[in-house]
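Engineer: Provided below are the primary sequence and the corresponding predicted coordinates.
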Amino acid sequence: LKKCNISLRHCHPIESAHTPSRRQFYINQATMESIATIATSNALAARELEWAKNTPELLAEHAVINQGIIRTRFPPEPNGYLHVGHAKSMNMNFRLAFEKLGVPLENRRTVFRYDDTNPDAESPEYIDSIRRDLEWLGWQPERTTYSSDNFQTLYELAVKLINKGLAYVCDMTKAEMEAQRDLAKSRCVARGAGKDPDVEAPIPSADILPGRNRDTSVERNLKLFEEMKMGLHDEGTMTLRLKMDFESANPNMYDLVAYRIRYTPHPHAGKGWCIYPNYDFTHGICDSLERIDYSICTLEFETRREPYYWILCALDMYRPNVYEMSRLNLAYTVLSKRRLLKLVDANYVRGWSDPRMPTISGLRRRGYTKEIINTFCNDVGATRAMNVVQMDKLFQVARQTLSVNTRRAMAALEPIKVVIGNFAEEAAKAEEGGMTFDVQNSPTDASLGSHSVTITETIYIDSDDFRLDEDPNFYRLTPGQAVGLKYHGGNLICDEVVKDGSKIKELKCHFDNSEGRPKPKSHITWVPSDGILCEVRIYNHLFTELEPSDRWEEELNAESEIIHPNAIIDPSVMSLVDKKDIDEWKSNQALQFERVGYFVVDTDTTFDSKTKEGKLVFNRTVSLKEDKTVKKVDAVEAEQKRKRAEQQRSVAASRDIMMTIEPKDFFKLAPEYEGKYSKFDDTGLPTHLADGTELTKSAKKKLEKDRVKHAKKFAKNKK
């Protein structure tokens, strides 16, 4: 501001004789110095552009309106559920950016904006889920806005650009636009190589480049744009384009589309519009209208700086600072909304909140609390360096957070029945309290209280804690090796193994509480006979590859979810796992299954603690640190490996079959679509589901993309 020679007076506007169309503003000394310090900070500096420079009047006006406030925004598009990458963006926009800039707490503001300009992909479900996720993570925006609330203003600004000769209505088809841009790009490459573009990439016709509509009259463009708004033209027949620069090295400057026709009701704005502005035209204007100081996005938008600032410069609007940070790349998963949507639509997962999904809803359902997610994002930070973050980093944050206050319980995932032959005799010898023991809910924090566990004549141990064959490296129960029982103190000795075929049905054992008994090498957990039956779901990486490739659907992990349907947990948790306390929008009851891992009650739970009826389901959040001394490759693991190999062979065979299917028959013959559709158009694209329901335009659009992908693979295979 000092560089701009802005006067230092009390804060009020006055009319300037030199600038009758704009008010001139003055601010007090303290506010000016505070803003100037932040404005000259290099903490969020990025590539500079001439268009990005604000005039002294714009800077002064902005400073007076914001009054020392520094404002960021979090602008998700409601076309899916938020994922962990959005959590990183929230952490940056609500906290980290201000810390980097040194903004005092009282001067920090963040706007939560729905970037809702594409009604074909957006829905009330997504709008609601985004709001709930943001609230759950604990962020408090200054206000909530919608880009669609500015539709009238955006329309008026588009008209302003037409009047300035900087926008025009274009009737070129999508194919013509692609040819136009390819030609402009080729000519740019030729110029960059010092060659003559007219020789290397000659223009066949002015209808293609610069385009037959580019130099049409203002009157013609105003008339056609109004007709577009009134619904007098079909979808895809006309667009409003910005007259930018076909000689730019940046393809985003090749007369981008500002408006297109869509006869789709808007989930927030309703049915009032049939033309919608695109993202590039909208978000910079909304940033300026909302008085944003720092517009933070990810690095793939770095080349959008030129159109962002070109538009604001052309409209003589305030230009926020734009900063691009690296996006979050998390190992063994995908964060592309298109791929996440495909995972849901193709039933690879249980839905957007599947615990294997990297969505906020999926992480919450898996047991990751807001403290875990926010701490993880804080640890990852925000830089411009591209990298892949290992899942172990998230797992470790989860362990450290959950270990502090998570209630302990004993459980057996694959239980083996154990009958204690001398139970009555040992119970009679027991001191006061008998076979009931008081156990701290947390071994490190007595303030968390305690619960009771009772040994019964029949107990259950986990199959991982018993082995038929003797092994010097296996320290748990075998026919020839005693083991200790947690909280009991005595030794458990196996006398007989009862089998049903090859499966172990029961162990007949006895207690040894004698003085001088051998000290056991380890103590195992157990569950009494009145334990609660439950289903336990163990979650592993969603993909087998560290960075899933373009063939990501073939890289899905067949063992990403392993279900133990007959698990059992000690009854002391009865009151904690009732269905009435389960809610998909909050963190549900977490437990540490001793010696196994951290688990959370799943939303599929229907268990009633009063009637003891209904299904109890747990999801594993994260394992405990691996016990390197115990490596058991048993029949279950061998069967899992066999199934995985079988699935891989099946996928390969399916791929071979797919390569024999013509693109026009794709949805009729491909195994994944077989029986799903009842009617097709002349090209073979489905128009109706099997039950006769007509497909939406959006659904058909997605299917067409799938067919195009198949057609490319089919053509490549033919070669």
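Structural biologist: Looks like it came in fine.

Engineer: gap between residue 192 and residue 247?
Structural biologist: Applying Cβ to Cβ, to the nearest Å, the value for residue 192 to residue 247 is 11 Å. Bear in mind the C-beta positions are built from the backbone N, C-alpha and C, glycine included.

Engineer: again, but for residue 706
Structural biologist: Distance of residue 706 to residue 247, given as Cβ to Cβ: 37 Å.

Engineer: Helix or strand: which one has the nearest residue to residue 345 once chain neighbours are set aside?
Structural biologist: Using Cβ to Cβ, 6 or more residues apart in numbering and skipping the chain neighbours, the partner closest in space to residue 345 is residue 702 (7.6 Å). Here residue 702, judged by DSSP states H and E, is contained in helix 697-718.

Engineer: For that helix, give me every contacting residue.
Structural biologist: By Cβ atoms under 8 Å, 6 or more residues apart in numbering, the surrounding residues in contact with helix 697-718 are 120-121, 264, 341, 345, 658-659, 661-663, 666-667, 670, 684-687, 695.

Engineer: Show the subsequent helix or strand relative to the helix or strand where residue 284 lies.
Structural biologist: Secondary structure from DSSP H and E places residue 284 in helix 279-289. Heading C-terminal from helix 279-289, the first helix or strand you meet, by DSSP H and E, is strand 294-298.

Engineer: Now do that following strand against helix 279-289, angle only.
Structural biologist: Our comparison of strand 294-298 with helix 279-289, counting by axes from the mean of the first three to the mean of the last three Cα atoms, to 10 degrees, yields an angle of 150 degrees.

Engineer: outside of the very next helix or strand once past strand 294-298, which residues touch it?
Structural biologist: Using DSSP H and E, the next helix or strand after strand 294-298 towards the C-terminus is helix 305-314. The contact list for helix 305-314 (Cβ under 8 Å, 6+ apart) reads 46-47, 49, 51-52, 161, 164, 166, 242, 244, 248, 250, 252-253, 256, 280-281, 283-285, 288, 295, 318-319, 322.

Engineer: So which of these sit within helices?
Structural biologist: For those, the ones inside helices are 161, 280, 281, 283, 284, 285, 288, with DSSP state H as the criterion.

Engineer: what number of residues lie near the fifth one?
Structural biologist: In this case it means residue 284. 25 (other Cβ atoms under 10 Å).

Engineer: Quick one: end-to-end distance for stretch 424-434.
Structural biologist: With Cα to Cα, to the nearest Å applied, stretch 424-434 spans 11 Å between its terminal residues.

Engineer: Give me the average confidence score over that stretch.
Structural biologist: Across stretch 424-434, pLDDT averages out at 85.

Engineer: Can we start the residue count at 789 from this point?
Structural biologist: From this message on, residue numbering opens at 789, which makes the last subject stretch 1212-1222.

Engineer: Which of the residues in it are classified as buried?
Structural biologist: Under the neighbour-count criterion of 16 or more other Cβ atoms under 10 Å, stretch 1212-1222 has residue 1214 buried.

Engineer: got it, and stretch 974-994?
Structural biologist: Neighbour counts over stretch 974-994 (16+ other Cβ under 10 Å) mark 975, 976, 978, 985, 989 as buried.

Engineer: From these, pick the one nearest residue 1234.
Structural biologist: Checking the buried residues of stretch 974-994 against residue 1234 by Cβ to Cβ gives residue 976 as the nearest, at 70.9 Å.

Engineer: wait, is that closest one part of a strand?
Structural biologist: No: per DSSP: H, G, I helix; E, B strand; the rest coil, residue 976 lies outside any strand segment and is helix.

Engineer: That one: what's it in contact with?
Structural biologist: Taking Cβ under 8 Å, 6+ apart, one finds 985, 1035, 1036, 1037 in contact with residue 976.

Engineer: how about these in JSON lines, adding distance to residue 1125 and pLDDT?
Structural biologist: What follows is the contacts of residue 976, written out as JSON lines (distance: Cβ to Cβ, whole Å; pLDDT from 0 to 100):
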{"residue": "985", "distance to residue 1125": "37", "pLDDT": "96"}
{"residue": "1035", "distance to residue 1125": "34", "pLDDT": "96"}
{"residue": "1036", "distance to residue 1125": "29", "pLDDT": "96"}
{"residue": "1037", "distance to residue 1125": "29", "pLDDT": "94"}
